[in-house]
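Colleague: when you get a sec, could you give me coordinates for this:
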Amino acid sequence: MKLDSLSFFKVASQRMQWLSVRQQVISENIANADTPGFKAREVSDFSQMVEGAARVSGVAVTNSRHLGGAEHAGNVRVRQDEGSWEQSMDGNTVVLEQQTIKASEVSESYRMAAQLYRKGHELLTLAVTGIR
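Modeller: Predicted structure coming up:
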């Protein structure tokens with residue numbers, strides 16, 4: 001039996017995938033903290049990813065040289081961070097303190113999702129085998 005076919009495990013896996021993409025975006029923001037004109041980015045909400053609502057809206061890209069409305073990593077939409085705390089003189093909107101807080105939140109959320117996944121697996125094993 002594949003664990004992904006069970007709803008709980010599927011949601012936990014999706015959450016971990018979403019958190020992974022969010023951590024990647026935060027890392028890219030931090031790497032570009034000194035790049036003039038760089039705009040901090042953020043990912044769409046997890047609920048939008050689960051509901052499948054993270055779709056590009058607006059003008060369709062009909063040519064490979066056209067610019068798209070947003071970047072995607074799986075079902076996760078990456079967009080400009082509108083909640084950035086400030087903008088520097090060179091137009092950069094990355095605030096390292098804000099990115100550090102976000103990275104800490106992602107780390108805690110990932111740890112919790114991994115623990116829930118592990119506990120679900122332990123409960124399933126106990127139910128099937130009766131052995132802890």
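
Colleague: now tell me which helix or strand of this structure has the poorest mean pLDDT.
Modeller: The helix or strand of the chain with the lowest confidence, counting by mean pLDDT, DSSP states H and E, is strand 71-73 at a mean of 52.

Colleague: ok, then the element right after it?
Modeller: With elements assigned by DSSP states H and E, the helix or strand that comes after strand 71-73 is strand 76-80.

Colleague: now do whichever helix or strand comes after that following strand: which elements does it pack against?
Modeller: Per DSSP H and E, the first helix or strand lying C-terminal to strand 76-80 is helix 96-129. On a contact count with 3 or more Cβ pairs under 8 Å, 6 or more residues apart in numbering; DSSP states H and E, helix 96-129 meets helix 7-31. For glycine as for every other residue, the C-beta is placed from the backbone atoms N, C-alpha and C.

Colleague: taking helix 96-129 as reference, get the angle to the helix it packs on.
Modeller: Counting by axes from the mean of the first three to the mean of the last three Cα atoms, to 10 degrees, helix 7-31 lies at 160 degrees to helix 96-129.
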